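S.K.: Give me the fold of what follows.
(chains A and B)
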Number of protein chains: 2
Amino acid sequence: MQTIYFDHNATTPVDDTVLDAMLPYFQQEYGNASSRHTLGIVARRAIDKAREQVAASVGVQPAQVIFTGGGSEANNLFIRGAADYMTPANIFISAIEHPCVLKPTQELARRRSDRWTMHRMAVNLSGQVDIDKAKQTMAAHKPGLVSVMLANNETGVIQDVSAVAEQARSHGAYVHTDAIQGLGKIPVEFSALKAHAMTLSAHKIYGPKGAAALIVDKRLLLKPLIYGGGHENGMRSGTENVPAIVGFGVACELAQSRTEETAKHVFQLREHLEHGLIEMGAAIFGAEAERIPNTCYFALPDIEGDTLVVKLDKVGFAVASGAACSSVNPGQSHVLEAMEIDPMLARCAVRISLGRSNHMTQIEDFLQAIKKIVADLRRTSSISI
Amino acid sequence: MQTIYFDHNATTPVDDTVLDAMLPYFQQEYGNASSRHTLGIVARRAIDKAREQVAASVGVQPAQVIFTGGGSEANNLFIRGAADYMTPANIFISAIEHPCVLKPTQELARRRSDRWTMHRMAVNLSGQVDIDKAKQTMAAHKPGLVSVMLANNETGVIQDVSAVAEQARSHGAYVHTDAIQGLGKIPVEFSALKAHAMTLSAHKIYGPKGAAALIVDKRLLLKPLIYGGGHENGMRSGTENVPAIVGFGVACELAQSRTEETAKHVFQLREHLEHGLIEMGAAIFGAEAERIPNTCYFALPDIEGDTLVVKLDKVGFAVASGAACSSVNPGQSHVLEAMEIDPMLARCAVRISLGRSNHMTQIEDFLQAIKKIVADLRRTSSISI
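M.R.: Numbering: from 1, shown residues only, chains lettered A, B, ... in the order given. Below you'll find the model as predicted:
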């Protein structure tokens, strides 16, 4: 049975072009980029090229790219790295941030010393950060650091990052945006977001796992998370993962050139999908807001999300019941909680995140499959939860 | 021109068996290991298997393995992670540690608050940590944390980790060893080293860049460097780099099965190499001490190391003038400084680190090439530095 993959917000397969670009760096051009011999120089040049590709895809200079081993690391690098350069103050994050922004912020707030005060920016019922409320809270508690994501990984709702950034900057704060779920799905221009730092990740854009970047405004002072040989301009020590970085560069180039086409394609699929789901009585979370075009987060009342995910998996559809990144810690979605969704409905949440290779027949097959599963579940149990 | 690679302490090519094991995880089994569907479960099982392979190669339980994105990260995780759980005290490291142990320790010692006091354990003229001196310093400054490497990356000198650990433990300290340069070259058994934590890395043992591990005694309390989705039992959040972890597992298995054979092979090559170099008047650093069998760190008086590396590269030999990991920050080797080597001689240091695929003809070709280069250099300049 061929899996139909509808979980592109969790991760994506590596694109052929990306893998082809990576392969020579495992066995032929395997040098350590810090070595002075030819093999080292070849590796260094490959990283330089990837740095240019990543930079170009979001409109920055290559020197603004700090490569890391993953998006979580890049987010932690900003939160802890910026905080450790500053006098402890107020740190604002949206209530719907990914755990890799939320948890390091909570950690700042419970340190033995140099303790920060954390504030969560509320979202409205559509899952958008409430700018007016954020403005009021910032006026009462002058922010030092602010982090707000570009697109939420669960709902796909796009946030008004530049509006939050403007408020934050008016108080002299440094602003970060986790743009991992935006890249490749909507145009991402660093300067337009008005942030001082931005996180990107390769494996959500048909690149490899193990490569990501923190894009920084050069005026931002950061302390490294990882000290050592002084790689990445001292900001992230450790032998560079050359094949993954090369793949990341190519993936960014592809993402940039394909964003418009992919966005149109998956939007059409999603329209059809959501039409079918709504006919079945589904609630679509964040539907009133602007969303990245590939993501559909829905609930069928009384059909538990986890059950649905397992049943769909058995008939060959890969979907998520919540954010994959936190499914090792099951529990209610903090995103839906922030949106004040009824906990009973939140337990029914299922996320479908489409990708380039999905097509209309798969959507139709999916709608048929889910109708059958739901009918079976409703027959076997009067209350499915 | 085919490069003859003599820089295996910097990095190694990925073994065929390792790459074959990795390849399916880029495009077929590409799931996020936190996903609940089949693709996720397949990825999770692949990681579980790799964890067993890494654990078995050093005689520990799989639950003792914390996967990280690299050796520098693993070393930083121990230093900062253990320190942040403790009341600031004395931290001891050897004077010849890699920068990714030295620098995070220096950072602990210059923090605004919770500041630690750093002590360097001196080495003798052969590059071995002086156990008696360490014992005395520990008696005067009770250690809380201690880190001593298993084998030095420059000289290859093997350290008496268990002797240092015993001293440290008698004061109640937690002990770490960076075993990156030991694995695959000498037998490495975690329990025999008597440390609470040990760092391993894939790309030094014919595995991929981007995967490493901190092996921990379960009684050791650590704070993570990277907070988020709670991966690696909460110790290292971030989507797992499945292909790299799979490759690391296979590389550990290969390393374990081949250590004896490889050690014998490269030792024979090194004997021949050093015989030839000594005939040319070279000094071999650490030659009096027990060394990992693949490493030869030598100096030809009046022939600058950097010059030799470049000249050798031009005729197809990849060697290092110092630790590759710190060659982005050139300067005198802190290892040779700690060994009290004359700075003029230290500037002439060149490291050759042999690997499985090297053979005797390459050694002979190398000796011929270096003789010619040295003769040319001596002819063109009465003082080459």
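S.K.: If I take the biggest helix by length in chain A and helix B:242-279, what angle do their directions form?
M.R.: Identified as the longest helix of chain A according to DSSP state H is helix A:242-279. Per axes from the mean of the first three to the mean of the last three Cα atoms, to 10 degrees, the angle that helix A:242-279 makes with helix B:242-279 is 180 degrees.
S.K.: So for helix A:242-279, what gets flagged as buried?
M.R.: Neighbour counts using 16 or more other Cβ atoms under 10 Å in any protein chain shown place A:242-256, A:258-259, A:262-263, A:265-267, A:269-270, A:273-274, A:276-277 of helix A:242-279 among the buried residues. Every C-beta, even on glycine, is put in place using the N, C-alpha and C of the backbone.
S.K.: Near chain B, list only the ones from those residues.
M.R.: Filtering those for proximity to chain B by Cβ under 8 Å from any Cβ of the partner chain leaves A:242, A:243, A:244.
S.K.: ok, the first one - contacts?
M.R.: Yep, that's residue A:242 we're talking about. A:25, A:29, A:30, A:31, A:33, A:43, A:46, A:47, B:209 (Cβ atoms under 8 Å, 6 or more residues apart in numbering or on different chains).
S.K.: can you give me the helices in the stretch 1-150 of chain A?
M.R.: A:16-22, A:24-27, A:38-57, A:71-83, A:99-109, A:131-140 (DSSP state H, counting those that start in this stretch).
S.K.: Now render those helices as TSV, adding mean neighbour count and distance to residue A:352.
M.R.: Formatted as TSV, those follow (neighbours: other Cβ atoms under 10 Å in any protein chain shown; distance: least, Cβ to Cβ, whole Å):
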stretch	mean neighbour count	distance to residue A:352
helix A:16-22	19	24
helix A:24-27	19	34
helix A:38-57	20	26
helix A:71-83	28	21
helix A:99-109	23	21
helix A:131-140	15	29
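S.K.: And the ones you listed: which comes nearest residue B:221?
M.R.: For residue B:221, the closest of these is helix A:99-109, at 15.0 Å, according to Cβ to Cβ.
S.K.: Export only the CA atoms of the closest one, formatted as CSV.
M.R.: Taking Å, rounded to 0.1, in the frame of the first residue of the first chain, the C-alpha atoms of helix A:99-109 are listed here in CSV:
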residue,chain,number,x,y,z
PRO,A,99,7.3,24.3,22.2
CYS,A,100,10.9,25.2,21.0
VAL,A,101,10.1,28.9,21.6
LEU,A,102,7.7,28.4,24.5
LYS,A,103,9.9,26.1,26.6
PRO,A,104,13.2,28.0,26.4
THR,A,105,11.2,31.1,27.4
GLN,A,106,9.7,29.3,30.4
GLU,A,107,13.2,28.2,31.3
LEU,A,108,14.4,31.9,31.2
ALA,A,109,11.5,32.7,33.5
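S.K.: any idea of the mean pLDDT in it?
M.R.: Across helix A:99-109, the average pLDDT comes to 97.
S.K.: and that helix, how far from the chain's centre?
M.R.: Distance of helix A:99-109 from the chain centroid (Cα atoms, centre = their mean, to the nearest Å) equals 16 Å.
S.K.: tell me which strands and helices it is in contact with?
M.R.: helix A:71-83, strand A:90-94, strand A:117-121 (3 or more Cβ pairs under 8 Å, 6 or more residues apart in numbering or on different chains; DSSP states H and E).
S.K.: Go again with 10 Å.
M.R.: For helix A:99-109, the packing partners by 3 or more Cβ pairs under 10 Å, 6 or more residues apart in numbering or on different chains; DSSP states H and E come out as helix A:71-83, strand A:90-94, strand A:117-121, strand A:143-147, strand A:174-178.
S.K.: mind putting those in JSON lines, mean pLDDT and distance to residue A:321 included?
M.R.: Converted to JSON lines, the helices and strands packed on helix A:99-109 look like this (pLDDT from 0 to 100; distance: least, Cβ to Cβ, whole Å):
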{"stretch": "helix A:71-83", "mean pLDDT": "98", "distance to residue A:321": "21"}
{"stretch": "strand A:90-94", "mean pLDDT": "98", "distance to residue A:321": "22"}
{"stretch": "strand A:117-121", "mean pLDDT": "98", "distance to residue A:321": "24"}
{"stretch": "strand A:143-147", "mean pLDDT": "98", "distance to residue A:321": "26"}
{"stretch": "strand A:174-178", "mean pLDDT": "98", "distance to residue A:321": "22"}
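S.K.: and residue B:199, which of these is closest to it?
M.R.: Smallest distance to residue B:199 across the helices and strands packed on helix A:99-109 (Cβ to Cβ): 17.3 Å, for helix A:71-83.
S.K.: Is that closest one in proximity to chain B?
M.R.: Yes - using Cβ under 10 Å from any Cβ of the partner chain, helix A:71-83 comes into contact with chain B via A:71, A:72, A:73, A:74, A:75, A:76, A:77, A:79, A:80.
S.K.: what's the residue nearest to residue A:14 when sequence neighbours are not counted in contact with, if anything?
M.R.: Leaving aside its sequence neighbours, residue A:14 sits nearest to residue B:26 (Cβ to Cβ, 6 or more residues apart in numbering or on different chains; 4.2 Å). Contact partners of residue B:26, counting by Cβ atoms under 10 Å, 6 or more residues apart in numbering or on different chains, are A:13-16, A:18-19, A:22-23, A:208-209, A:247, B:242-243.
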